[in-house]
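S.K.: Quick one, structure for this:
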Amino acid sequence: MEKKQLIKGWKDLKVGTYERLLTAAFDPEDPDGAFKMAALIYNIPYEAFLDLPLPESQAMVKSMEFLQRKPKPILVKFRYNLGGTEYDFKAEAQQWTTAQYIDFNNTPKDPAKMADLIAIFLVPKGKTYNKGYSYEKVAEDVRNYLSVSEALAMSDFFMYRWASLIRRTTTETKKALKAARKDGAITKEQEKEIAGKLRELTAMYGLTT
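M.R.: Down below sits the predicted model:
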């Protein structure tokens, strides 16, 4: 087996490996647990991992120490080359299509499904969202080629933009509600009901307005 290059930090760990790590079941009482985790991270079948020279497997286990530290923030980019395909990162609300907005709302905000979420905002260069290309291939490219550091930078960026959009929309809607009630277009009870739904929306994302 060809010797694996050591993964030294979050910048070297791919999203797909991270997702598998989050969904794997490791027994904390298992004395071989660290070796099983290293086999998963380096994508080596455990039976094959057992045949590695001990210094090599120990080096792989030691390399996992970075998992105990938080990823360092990095700057987001607006174009990524993943497996030879150029992708534009569509993080600004003004760049979204309605389909992207709906798909974002309907996709679980689960770290174990990070690739599915990021694939919504990575569009092949020159393409329109979900037109003339495979969304599934984008998600697979994210899993295989995007690092966790890059993925977290992207997630933080578009979640910040998303939160800003919600705050702005909520503020404008409240103003419109007050104007509508003043003009008699809606009742006070209707205004309260809609305002309550707005509070539920902002609370869903941990926001205050």
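
S.K.: So this structure: which segments form each domain?
M.R.: When the chain is parsed with automatic domain parsing, its domains come out as 15-68, 79-149, 151-204.

S.K.: Turn the ones you listed into CSV, including mean neighbour count, distance to residue 2 and mean pLDDT.
M.R.: In short, each C-beta sits where N, CA and C put it, glycine included. As requested, these are exported to CSV (neighbours: other Cβ atoms under 10 Å; distance: least, Cβ to Cβ, whole Å; pLDDT from 0 to 100):
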stretch, mean neighbour count, distance to residue 2, mean pLDDT
domain 15-68, 14, 11, 92
domain 79-149, 16, 18, 92
domain 151-204, 14, 26, 68
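
S.K.: any idea how far residue 6 is from the residue positioned nearest the centre of the chain?
M.R.: Closest to where the C-alpha atoms of the chain average out (Cα atoms, centre = their mean) is residue 114, at 3.6 Å. Look at residue 114 and residue 6: by Cβ to Cβ, to the nearest Å, they are 23 Å apart.

S.K.: host element of residue 144?
M.R.: If you go by DSSP states H and E, residue 144 is part of helix 135-145.

S.K.: helices or strands up against that helix?
M.R.: helix 15-23, strand 79-82, strand 85-89, helix 114-118, strand 122-124 (3 or more Cβ pairs under 8 Å, 6 or more residues apart in numbering; DSSP states H and E).

S.K.: Reformat the ones you listed as CSV; add distance to residue 143.
M.R.: Compiled in CSV, these are given as follows (distance: least, Cβ to Cβ, whole Å):
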stretch, distance to residue 143
helix 15-23, 3
strand 79-82, 10
strand 85-89, 14
helix 114-118, 5
strand 122-124, 12
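
S.K.: So which residues of the chain form helices?
M.R.: For the chain, the helices defined by DSSP state H occupy 15-23, 33-41, 46-49, 54-63, 98-106, 114-118, 135-145, 148-182, 188-204.

S.K.: what's the span of stretch 48-64, first residue to last?
M.R.: 19 Å (Cα to Cα, to the nearest Å).
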